[in-house]
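>>> take a look and give me a structure for this.
(2 chains)
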Amino acid sequence: MKNNKTLLLALILFIVNVFVYSLQAQERYIDKSGYIKFEASEKLFEPVEATNNVVTAVLNADNGEFASLALVTGFRFKNSLMEEHFNENYIESETYPKAIFKGKLLDFDLSNLSETPKKFEVDGKLELHGKEKQVKTKVSLHKLNGVIVMKGNFAVAPSDFDIEIPSIVKNKIAKQVNVSLNFNLKQ
Amino acid sequence: MNKKRIGYIVLALLGLGLITGFIVYKKVINPEHREIFEESTDFIIDAEDLQFHFLNDPEAGTLKYMNKVIETYGTVTEVGSNLIIIEQKIQANFLESNTQKVLVGDVIRIKGRCIGFDEFLLLVKIDQATTIKTN
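Below is the predicted model:
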């Protein structure tokens, strides 16, 4: 009798667990190959820009929590030498392989999304090169065929992340780095 | 005769200078990107082992595999527009979108460059991948 009760309890717990899990799973929107581009070009000099289309982005549609992870080695430059310098001398990708953003879309409500882009404020922290910095920006969101499309851009400074730019190239690299993003988040 | 000879030498030197300049530009100032497919493979390892190394010790995994040419294999569990997931452990992004022929359940072998470990999804990410074999 007692054994039966435990079994029943275990079964109920299991069902509740599965239910809760599926609920959580339903509200997570993920992009496994999101796109990020950064640009730090100065006029008259060779463009300093790179793209990464292997970025992970996760949105919790329940509460608007948002996180993104870019493996910095995945940034591709037109000039391979620039890419090498970026990895070895500036971002030091062997020591700091990831750039992580964790934050929240303010006043996010999934049911408010439509095919027309809507702006949301994002507040969070960007961790890069072993340093953390608060980032506040606006992103536009729209929903198309069940996919949440997120687009936006923001600016950061290399000095915020203790990334030193040697004086020889100082005038070839902009003080502000513009980062743009494009994620297609799917359930 | 002598003038002609000097002319030839000058011309040859100029040509040599141009070629050297071109080689320096191509190799030093603006070298080509790596062609991962053409490079020799650094590690041949199955999907489960590769992920395990990163799960077990992300830093050691990064030091060992990052930026290295990897050949890995396993069953395809997800297919995207330019990516595949192998056994929910490896994500391989292709340079060109050629995943139409790959189906979930296929056993695949790919070659690409490891760019690190995604701790959100617990996936080892590989870019510039090419398919070696599907069956």
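>>> just confirm residue B:60 is within a helix.
Yes: Residue B:60: assigned to a helix according to DSSP: H, G, I helix; E, B strand; the rest coil.
>>> got the contact list for it?
With contact set as Cβ atoms under 8 Å, 6 or more residues apart in numbering or on different chains, residue B:60 has these partners: residue B:53. Using the backbone N, CA and C atoms, a C-beta is placed for each residue, glycine as well.
>>> which strand or helix spans residue B:54?
helix B:47-56 (DSSP states H and E).
>>> per-residue confidence for residue 70?
Reading this off chain A. In this model, residue A:70 is scored at 95, pLDDT.
>>> nope, chain B please
Predicted confidence (pLDDT) for residue B:70: 95.
>>> what's the burial count for it?
Residue B:70 is flanked by 22 other residues according to other Cβ atoms under 10 Å in any protein chain shown.
>>> what of the one 4 residues further on?
When counting by other Cβ under 10 Å, one arrives at 22 neighbours for residue B:74.
>>> surely it touches residue B:85?
No: between residue B:74 and residue B:85 there is no contact under Cβ atoms under 8 Å: 9.6 Å.
>>> excluding chain neighbours, what is closest to the residue nearest the centre of chain B?
Central residue of chain B (Cα atoms, centre = their mean): residue B:36, 3.0 Å from the mean position. Sequence neighbours aside, residue B:128 is the residue nearest to residue B:36 in space, at 4.5 Å (criterion: Cβ to Cβ, 6 or more residues apart in numbering or on different chains).
>>> next: residue B:85.
Among residues not flanking residue B:85 along the chain, residue B:78 sits closest, at 3.9 Å (Cβ to Cβ, 6+ apart).
>>> adjacent strands (with direction) for the helix or strand hosting the one you found?
Using DSSP H and E, residue B:78 maps to strand B:69-79. Note on strand B:69-79: by DSSP bridges, its sheet partners are strand B:43-44 (parallel), strand B:83-86 (antiparallel), strand B:107-118 (antiparallel).
>>> for residue B:84, give me its contacts.
Residue B:84 makes contact with B:76, B:78, B:91-92, B:94, B:99, B:102, B:108, B:110, according to Cβ under 8 Å, 6+ apart.
>>> quick check on the residues you listed: which are buried?
Listed as buried from those are B:76, B:91-92, B:94, B:99, B:102, B:108, B:110; burial here means 16 or more other Cβ atoms under 10 Å in any protein chain shown.
>>> tell me the least confident of the residues you listed?
Ranked by pLDDT, the buried ones among the contacts of residue B:84 bottom out at residue B:99, which has 64.
>>> from chain B, how far off is the residue lying closest to residue A:166 once chain neighbours are set aside?
Nearest-residue entry for residue A:166: residue A:89, 7.9 Å, with adjacent residues in sequence omitted and distances by Cβ to Cβ, 6+ apart. Relative to chain B, residue A:89 is positioned 15 Å away (criterion: Cβ to the nearest Cβ, to the nearest Å).
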